[in-house]
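Engineer: Below are the sequence and a predicted model for it; my questions follow.
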There are 4 protein chains.
Amino acid sequence: MTSKTIRDPIHGDIKLEGLFLDLIETPEIQRLYNIKQLGFAHLVFPGAHHTRLEHSLGSYHMAFQTAERLNLNREEKNLIECAAILHDIGHGPFSHTLESILRNTFNVDHVDLTEKLILGDYSIYDSKEKKFMASSCVDEILDKHGINKREIVDIIRGKTHKKPYLSQLLNSTIDVDQLDYLVRDSYYTGVAYGMIDIERFLQTLTVNENNLAVRRKGVSVVENILMARALMYSSVYFHKTVRIAELMLSKTIELIENVEPFEYFRMTDAELINDLKTMNSFQHEIATRLKYRNLFKQAYSVSESNLDERGIEAIRKLDDFKLRREKEIEFEEALNIPKGHVIIDIPKNELHQAEPRIDKTDIKILDENEIKPFDSYTPIGGAIKSRVIPDWIVMIVTDEKYRDIVSEKADKILFK
Amino acid sequence: MTSKTIRDPIHGDIKLEGLFLDLIETPEIQRLYNIKQLGFAHLVFPGAHHTRLEHSLGSYHMAFQTAERLNLNREEKNLIECAAILHDIGHGPFSHTLESILRNTFNVDHVDLTEKLILGDYSIYDSKEKKFMASSCVDEILDKHGINKREIVDIIRGKTHKKPYLSQLLNSTIDVDQLDYLVRDSYYTGVAYGMIDIERFLQTLTVNENNLAVRRKGVSVVENILMARALMYSSVYFHKTVRIAELMLSKTIELIENVEPFEYFRMTDAELINDLKTMNSFQHEIATRLKYRNLFKQAYSVSESNLDERGIEAIRKLDDFKLRREKEIEFEEALNIPKGHVIIDIPKNELHQAEPRIDKTDIKILDENEIKPFDSYTPIGGAIKSRVIPDWIVMIVTDEKYRDIVSEKADKILFK
Amino acid sequence: MTSKTIRDPIHGDIKLEGLFLDLIETPEIQRLYNIKQLGFAHLVFPGAHHTRLEHSLGSYHMAFQTAERLNLNREEKNLIECAAILHDIGHGPFSHTLESILRNTFNVDHVDLTEKLILGDYSIYDSKEKKFMASSCVDEILDKHGINKREIVDIIRGKTHKKPYLSQLLNSTIDVDQLDYLVRDSYYTGVAYGMIDIERFLQTLTVNENNLAVRRKGVSVVENILMARALMYSSVYFHKTVRIAELMLSKTIELIENVEPFEYFRMTDAELINDLKTMNSFQHEIATRLKYRNLFKQAYSVSESNLDERGIEAIRKLDDFKLRREKEIEFEEALNIPKGHVIIDIPKNELHQAEPRIDKTDIKILDENEIKPFDSYTPIGGAIKSRVIPDWIVMIVTDEKYRDIVSEKADKILFK
Amino acid sequence: MTSKTIRDPIHGDIKLEGLFLDLIETPEIQRLYNIKQLGFAHLVFPGAHHTRLEHSLGSYHMAFQTAERLNLNREEKNLIECAAILHDIGHGPFSHTLESILRNTFNVDHVDLTEKLILGDYSIYDSKEKKFMASSCVDEILDKHGINKREIVDIIRGKTHKKPYLSQLLNSTIDVDQLDYLVRDSYYTGVAYGMIDIERFLQTLTVNENNLAVRRKGVSVVENILMARALMYSSVYFHKTVRIAELMLSKTIELIENVEPFEYFRMTDAELINDLKTMNSFQHEIATRLKYRNLFKQAYSVSESNLDERGIEAIRKLDDFKLRREKEIEFEEALNIPKGHVIIDIPKNELHQAEPRIDKTDIKILDENEIKPFDSYTPIGGAIKSRVIPDWIVMIVTDEKYRDIVSEKADKILFK
């Protein structure tokens, strides 16, 4: 069988053949090299330009290695390895950056596009591209190799499968997606917190009554992975400056009328920025500022522990998307600030919708043939769950020139 | 003094203050995070998305460390550190990819734009961007801090300076630019050949009668660096598939009428690709194919050692840009191939113009107060000079569907 | 000033000059390359042959870097850097292995010998060595350079100093000793848990009212270090097989009559083993078995959570050294096992005597000019404190051939 | 099958089962953890305490991986993997340090002992150890598993085998022994020169007509390995200070009367040093000085290029072991220096006897079904062959107090 070896700085050589060699050449997979894994993280960690393509390859490789260890059969291997390599093909520009706005406004997310692409219900090409390209698309490749597309979608969605461990391999507290991204994001940001011991983890992984479990001697490596994840969230994924750039971009989309969400989802990072440059002044401005890293500044920020009950209640109301925008308009009008130049950030719910794994520690430990919860072995999981990320309940960002005035009036306008 | 610490995966923490903190916030420097360091290398080495920004920071850091070791005074430090951080601001999209075509057609290269930007003779902004941006440009910052702009340009150009070691630190067989890029490119490609011992090298570096020299005990570390460079050229920088993507992009520019070269130089990677998508069919096609990594294929390739004298002579003629294009047209017409779909590559001269360091080994060794040439200590330098890179004297690439016919007719059309 | 650069795989180049160049050549420091950092850990982690010499150099280097960051004056620097490089010179063979037995029997530990050596009250040489050696000893070098020896001893002992931060730099929850050993032990064992971010930690360290503190933004890096330490304890430092080898060696010393403790402390690993080979059968046997890694096996082990109150009480009694030996003799007599071939391990108190830092998390956080406890920022510290290390309250080890019988009778003999 | 996983800092997890699990527990293999891989290199590179045990495990792992890639059958795998894990069991204390003296005096080397141990013709135990140990020895394990012991010896000796590639895997210009030691020695010394790309090398290795060959695309990786080896020789293996310690130890053996060579070969590092301490004054002195790193100093050194023909001839005579000792006695008598305190080093022949691979580059390249010599692809191999290691043709070392007088009189006494 023809095979191809790709050099990955994280996992070394990754070998692809047959079905996977075909998949890697589809436009859906190749498009991913145009989408940065960590959105705007490179504005703070200048090495972090890695893309969803490398991560998809790495997730495939983790699935491959795990499937070998667990001695899965060829059919199971195909399912989990396809699901791993395809699980991100629906990601929009700058990865998670626009998820929240599109979910709030249209109730769709990147997994919906992933599903459509796998089932062949949507095209990754725009109208003009199609005529230049003869490559097979993902759904065609899966059909050619006789792979059940619906099962792959189910695994990606984490739906209960007759073999729950297949779903769990890609959707659980510790899954192959995470094994790859923690190490990869560490490597490219230069923040060593995510450097976990993949080899040791794979050694302790097992299947017990159709569910994934970790052997007793793997408790430490799980503690290590959970802690690594927690530290990466607070230090990288929820870095305030990165968040500001994301808020700026989201606001441009929010203020466009008549968005067709999948149109935006299928764009690349570059195409979105370019599209914004063809629009009105606000979008054009933000696109230019992002190009030259000329960001809004934090004018106000408060942590939950510094608010009283009434204050918390006032903020929780702003979880509602429309009420939040109304509050921003209050700022704009009261302080004479142009439209879109004041952004209120209420991150908590958004984070937990986008990353439901963030504080889960529900791993099953197999200890002399008995299954016990991870938390019965160590208090670390519990501590991680009660660790607060991010450390602000509300933040307001604005152009540097409005910073002082917003800072001064924020309490009054927010809590009046 | 305010300072800022940036985490770099290669050098760890890089600290910036004063002048350099100002420079890092100019649009000229920030634009560099939109320009990939290795053009299309990520199409073969999927980790290689790093940009000229990180490299500029890294070169600054190498200059900083070297200046400390050599005990330069504050004024000298400012000059070499400014030159290091600014030396790439004129780089066009995809770094070196378009250099050859623009040099051939317009006799300008990225250093010309670098010079214009430093001297304030050109603006990095396009007409619309300007109104959104209030940041100071490079020339304003240099003036504000009283830095001699002309001296910086001279150091970047490698012009003989009254203190030749300042020029040599940025333009010599082993310079700070190289110390950074060898290690950085290794790290992001995952190809370990460039992993040199920077610390050991800096320890052996010295200034002798106003010229840079390496102490006797540094011979091995220099052998190591030269070998690393040679291996990176043959394995990464001149990888055939990367070259094919570069040829495709260059051909799109070559076939545009009325190019304004600096217009193109100041674009980002994304802006260039987007610009191509607004053009005629050929440019639009290539931009689409590059987006999805749908590349031309090699139809023909021969090494110098497999050609007789007459053959070599025929190929050397094609060094001339216009004759080469004429030969391509012969292919197009003879084989009924659309315009631009056959590309002839004659890399040698181009490589040596773009990278004059590639086979230089003229390092001075200081041995008990006497200066001797590096080559008198080891035969490795000589061997590297006679090592052939790349290993083809001519290659023809084309669309997969014309591959067989081009392959069959190549000898006849090339050497008739 | 003459200087010397030493290449360390952990910290890169370490530069020594003046006082420190003199110290590094003393017999007290050089002897440390004959003493393994992790006792018998190489029997489980075959890469772990690193010695107290590298660790002493590394601790010096950490002290040097910290002192630079904190801007200490030359006198303070000398004190903390001397204390760091000398803090382990009193370590006996196999580092901590024999500490417990010698402390229990003679109430001395390695810091007592360190003190004697620094003050010049004891000689590192045995009677014959002296005549071959002309090197200056540590106390002579300190006198020559006018260093206050008593202050160094105080810093090493963690005694309250007029400048408490000097003591804290070497004796606190997070000190320079630990910064070195976590990373070093990780590197040589290949267990990545100890890979902490030293650079980021040093950036956030500060002195507040004469006490060490960590700035607010350093909370994550401290979480990371504490977790790294906890995982290294459970995975490496308290690995069961390593513990068995240590118990075997300790038993040989315990069963020698008339031990002169400092005689043993000043031996090297090799000298101790050789000494045992000149003794009676039991000592000779154990020395041979350690040479060929022919270890006792675990016959019995129970965790605290699996014992009732009465059981725990019975075990706690065996904390007393003599009662423990009596219980071992019960086993020997009841089961007809030769002297020394049954060892009862009750690790908890021993661990907390030897490593009082193990579960401390009392770091001061400086948050906008106010000092608050670390635990008010994160629940991770608390969780680490309640994490149980090691996971057995009592273990019995014996020769493979007595394993079954000991296993069978253990409950009865232990708890009768 | 029972299996055991060992964590190696170089290769990650190494899994052993069956035959190899048995072998790893033999006293011959376990003894190797008492023998440092690089003799006295830790006196210069303080991290270099790694032992022959790790290297033997690593060589086994490299053999295992190579055998997988080459698709060898189970019998072939057993042969090459046994040969790899056993190839160093005959190594004497401090590895290569004493080879030269024992070869010169008794015409035996460590491979002779390796052979005896594999065939069961010699015991690794001394007279007293035997009674404490019940472990099976190597020859018994091989018999138990039905392995042909003579074939293993032949592979280790590089004797032509009916399947030459099996011999070549362990004895050729690039073999599994070297793949391990270059990377391992780099890791522990902190000198990065040996960091080769094992994965890439294994991908290009193949068997052609029963001989090992490297595919065309592997030329660069071979260049890299050869260069790495050359640099490790000049920077680490032939470091002058390391050499001085080795000369001191060799001299102690040379001056013992009635040496039984295998008695010495089977000692550990520690046992040899201890043995010297029981002898006469000179041996006792050297053992003490090595313990505290109190080394002789270089008093004289000259490179071949600085000698005329007559001078070179005079030195070449001293290749003869007895003539060299006579010359040393001339120094002792003329300058009134105690016996053994002047050592003349003539390294060249010794090096080439011990390391015949050092300048070999005879690799076969498989290029489109044709075998061509490596040197026809690149001039690097040729350059490495003509690179001079070490850079002195003769060196004289002595006690610091005789350094000046020896330095002054050296030319006269050497060349009179």
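Structural biologist: Sure thing, it's come through.
Engineer: And the residue nearest the centre of chain A?
Structural biologist: Residue closest to the mean C-alpha point of chain A, counted by Cα atoms, centre = their mean, is residue A:96 at 4.7 Å.
Engineer: any weak-confidence spans in chain A?
Structural biologist: Counting by pLDDT under 70, chain A contains low-confidence ranges at A:161.
Engineer: Residues of it that sit close to chain D?
Structural biologist: Residues of chain A lying close to chain D (Cβ under 8 Å from any Cβ of the partner chain) are A:5, A:12-13, A:199-200, A:203. Using the backbone N, CA and C atoms, a C-beta is placed for each residue, glycine as well.
Engineer: Could you pull out the helices in the stretch 51-200 of chain A for me?
Structural biologist: Secondary structure of the stretch 51-200 of chain A (DSSP state H, counting those that start in this stretch): helices located at A:52-69, A:74-86, A:99-106, A:110-119, A:138-144, A:149-157, A:164-170, A:176-189, A:198-204.
Engineer: So is the first one next to chain B?
Structural biologist: Think helix A:52-69. Yes - Helix A:52-69 reaches chain B (Cβ under 8 Å from any Cβ) through A:53-54, A:57.
Engineer: re the thing from before, residue contacts, the residue nearest to the centre of chain A?
Structural biologist: A:39, A:354 (Cβ atoms under 8 Å, 6 or more residues apart in numbering or on different chains).
Engineer: what does residue A:330 give?
Structural biologist: residue A:413.
Engineer: can you give me the strands in the stretch 201-350 of chain A?
Structural biologist: Assigned strands in the stretch 201-350 of chain A, in chain order: A:205-208, A:211-215, A:297-302, A:342-345 (criterion: DSSP state E, counting those that start in this stretch).
Engineer: Please tell me how far the last one is from the chain's geometric centre.
Structural biologist: Mean C-alpha position of strand A:342-345 versus that of the full chain (Cα atoms, centre = their mean, to the nearest Å) differs by 21 Å.
Engineer: Quick one: list the elements packing against that strand.
Structural biologist: In terms of contacts (3 or more Cβ pairs under 8 Å, 6 or more residues apart in numbering or on different chains; DSSP states H and E), strand A:342-345 is packed against helix A:240-254, helix A:321-335, strand A:394-398.
Engineer: ok, the nearest residue in space to residue A:120 that is not next to it in sequence - how many residues close by?
Structural biologist: Nearest non-adjacent residue to residue A:120, counting by Cβ to Cβ, 6 or more residues apart in numbering or on different chains: residue A:139, 3.3 Å away. Residue A:139: 19 surrounding residues under other Cβ atoms under 10 Å in any protein chain shown.
Engineer: So residue A:139 sits against residue A:122, correct?
Structural biologist: No - counting by Cβ atoms under 8 Å, residue A:139 sits too far from residue A:122 to count as a contact (9.7 Å).
Engineer: sorry, back to before: how about TSV for the residues of chain A next to chain D, with neighbour count added?
Structural biologist: What follows is those, written out as TSV (neighbours: other Cβ atoms under 10 Å in any protein chain shown):
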residue	neighbour count
A:5	14
A:12	15
A:13	15
A:199	15
A:200	22
A:203	18
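Engineer: which one of these is nearest chain C?
Structural biologist: residue A:200 (8.2 Å; Cβ to the nearest Cβ).
Engineer: At the contact with chain C, which residues of the stretch 301-416 of chain A appear?
Structural biologist: A:378-380, A:382-384, A:386-387.
Engineer: could you redo the last one with a cut-off of 10 Å?
Structural biologist: With Cβ under 10 Å from any Cβ of the partner chain as the criterion, the stretch 301-416 of chain A meets chain C at residues A:305, A:376-388, A:391.
Engineer: which of those residues tops the neighbour count?
Structural biologist: residue A:380 (28 neighbours).
Engineer: what sits against whichever residue of the stretch 201-350 of chain A sits closest to chain B?
Structural biologist: Nearest to chain B in the stretch 201-350 of chain A, going by Cβ to the nearest Cβ, is residue A:270, at a distance of 3.3 Å. Neighbour list for residue A:270: A:34-35, A:93, B:34, B:268-274, B:291 [criterion: Cβ atoms under 10 Å, 6 or more residues apart in numbering or on different chains].
Engineer: near chain C, which residues of the stretch 151-300 of chain A show up?
Structural biologist: Close to chain C, as judged by Cβ under 10 Å from any Cβ, the stretch 151-300 of chain A has residues A:190-193, A:195-200, A:216-217, A:219-221, A:223-224, A:226-228, A:230-235.
Engineer: List only those of the residues you listed flagged as buried.
Structural biologist: A:190-193, A:195-198, A:200, A:219-221, A:223-224, A:226-228, A:230-235 (16 or more other Cβ atoms under 10 Å in any protein chain shown).
Engineer: How much space separates the closest residue to chain C within the stretch 201-350 of chain A from residue C:378?
Structural biologist: When scored by Cβ to the nearest Cβ, the stretch 201-350 of chain A has residue A:227 as its residue closest to chain C, at 4.9 Å. To residue C:378, residue A:227 is 11 Å away according to Cβ to Cβ, to the nearest Å.
Engineer: where do the contact lists of these two overlap?
Structural biologist: Counting by Cβ under 10 Å, 6+ apart, the residues touching both residue A:227 and residue C:378 are A:383-384, A:387, C:223, C:226.
Engineer: Out of those residues, the closest to chain D would be?
Structural biologist: Nearest to chain D out of these is residue C:226 (Cβ to the nearest Cβ; 23.2 Å).
Engineer: list the contacts for the residue found closest to that closest one once you drop the neighbours it is linked to in the chain?
Structural biologist: The shortest distance from residue C:226 to any non-neighbouring residue, by Cβ to Cβ, 6+ apart, is to residue C:384 (5.3 Å). Residue C:384 sits next to A:223, A:378-380, A:383, C:223, C:226-227, C:229-231, C:233, C:358-361 when contact means Cβ under 10 Å, 6+ apart.
Engineer: residues near the closest residue to residue A:143 other than its chain neighbours, how many?
Structural biologist: The shortest distance from residue A:143 to any non-neighbouring residue, by Cβ to Cβ, 6+ apart, is to residue A:149 (7.6 Å). For residue A:149, the neighbour count with other Cβ under 10 Å is 17.
Engineer: how much space between residue A:149 and chain D?
Structural biologist: 34 Å (Cβ to the nearest Cβ, to the nearest Å).
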